[in-house]
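**Student:** Could you work out the structure for the sequence below:
(one chain, ligands or ions: 2)
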Amino acid sequence: MIKVIVNGACGRMGSTVVDAVMKDSELKLVGAVDIVGGMDAGDKAGCGKTGVIVSTDLEATIKETNPDVMVDFTQPSVVFNTASIAIKNHVRPVIGTTGLTDEQKAQLDALGKENNTPCFIAANFAIGAVLMMKMACEAAKYMPDVEIIELHHDNKLDAPSGTALVTAEMIKQVRESHKQGHENEKEKLAGARGAEYDGMRIHSVRLPGYVAHQEVIFGGLGQTLTIRHDSIDRTSFMPGVVLACKKIIGLNAGLTCNLDNIMD
Ligand SMILES: NC(=O)C1=CN([C@@H]2O[C@H](COP(=O)(O)OP(=O)(O)OC[C@H]3O[C@@H](n4cnc5c(N)ncnc54)[C@H](OP(=O)(O)O)[C@@H]3O)[C@@H](O)[C@H]2O)C=CC1
Ligand SMILES: O=C(O)C1=N[C@H](C(=O)O)C[C@H](O)C1
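**Tutor:** Ligands and ions are numbered 1, 2, ... in the order given. The predicted structure is shown next:
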């Protein structure tokens, strides 16, 4: 059995992970951590009593439960610290929280190697999103003018989404960098053309009703191509999270990124 603690266990994703871990025969929920504690981790997850009481102290929970893996779905501002605590205690972090900078990722890689502990990060654990990114890279080789529109619920803290940034980074690898749109274009309202990444534009929509969605739109002579992925429920991320909890046991020390790197 792989012993798992969930950090951010009362959040939208963390509570869904608690449920997924409880349902998997190879994983055992041994701890749960959040800002507010004291209740059974299953209360928020809606899966009945788990026998695991939510704690507010990550390091104490690690020392009490000796987990193999920490799943982190917290906040961009805290994830570097929580991942560092896990690694220093030789617990393997599976990180879904977005917002880590390249420098922080490099530091986690180094910390993992120092402590002989693997660390895994995926900006998106949904298989459909992985396929969207792969297909977008293929399309960008032939249709290099591209804009990304990501659409999320209005409680999301970071913009653009981690998925949009990874998509843009991947597309950058396969096309020549160039400015898009008219060379004399002017924004009459600041931000009208969205964020700029290597000449690509990224637009972030935040509205109640959405979960997590992304369109990658390619424009060519007399035609457009749209690749769209929709997570209509947070269960879409769970097979990927469960897979990462299992695969991380066999990964090398240091950082591994993106779900496609651990899929068979
Ligand atoms: N990789 C992927 O596939 C996915 C990634 N995400 C990312 O996951 C992250 C979480 O998203 P979501 O679940 O919607 O967010 P929520 O705000 O619903 O959940 C985050 C939880 O973490 C808690 N928290 C905040 N700080 C700490 C801390 N220091 N220690 C422990 N718990 C803490 C929050 O408490 P409080 O509410 O009191 O602040 C909250 O309960 C985001 O970065 C999001 O982008 C989301 C979906 C999929
Ligand atoms: O905050 C979310 O909800 C999501 N965050 C991730 C991101 O920023 O890409 C993954 C998914 O889009 C849901």
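
**Student:** Check residue 118 and give its pLDDT.
**Tutor:** pLDDT, residue 118: 98.

**Student:** I'd guessed residue 36 sits against residue 55; true?
**Tutor:** No: using C-beta atoms under 8 Å, residue 36 is not in contact with residue 55, being 10.4 Å away. Every C-beta, even on glycine, is put in place using the N, C-alpha and C of the backbone.

**Student:** Quick check: which ranges of the stretch 51-200 of the chain have low pLDDT?
**Tutor:** Along the stretch 51-200 of the chain, the model assigns pLDDT under 70 to no residue.

**Student:** Which positions in this structure make contact with ligand 1?
**Tutor:** Residues of the chain lying close to ligand 1 (C-beta under 6 Å from any ligand atom) are 7-8, 10-14, 33-35, 73-76, 78, 82, 96-99, 122-125, 162, 237.

**Student:** and those, which are buried?
**Tutor:** The neighbour-count criterion (16 or more other C-beta atoms under 10 Å) marks 7-8, 10-11, 13-14, 33-34, 73-75, 78, 82, 96-99, 122-125, 162, 237 among the residues of the chain next to ligand 1 as buried.

**Student:** out of residue 36 and residue 55, which sits in the more crowded spot?
**Tutor:** residue 55 (22 against 8; other C-beta atoms under 10 Å).

**Student:** Give the full set of residues in contact with the more buried one.
**Tutor:** 31, 32, 33, 37, 61 (C-beta atoms under 8 Å, 6 or more residues apart in numbering).

**Student:** so the first one touches residue 64, yeah?
**Tutor:** This points to residue 31. Yes: using C-beta under 8 Å, residue 31 makes contact with residue 64 at a distance of 7.3 Å.

**Student:** the more surrounded of the two?
**Tutor:** residue 31 (25 against 13).

**Student:** hang on, that one is in a strand, isn't it?
**Tutor:** Yes: counting by DSSP: H, G, I helix; E, B strand; the rest coil, residue 31 is part of a strand.

**Student:** Pull out the buried residues from stretch 129-146.
**Tutor:** Neighbour counts using 16+ other C-beta under 10 Å place 129, 130, 132, 133, 136, 137, 139, 140, 143, 144, 145, 146 of stretch 129-146 among the buried residues.

**Student:** From residue 192, how far out is the first one?
**Tutor:** The reference is to residue 129. Separation of residue 129 from residue 192 (C-beta to C-beta, to the nearest Å): 27 Å.
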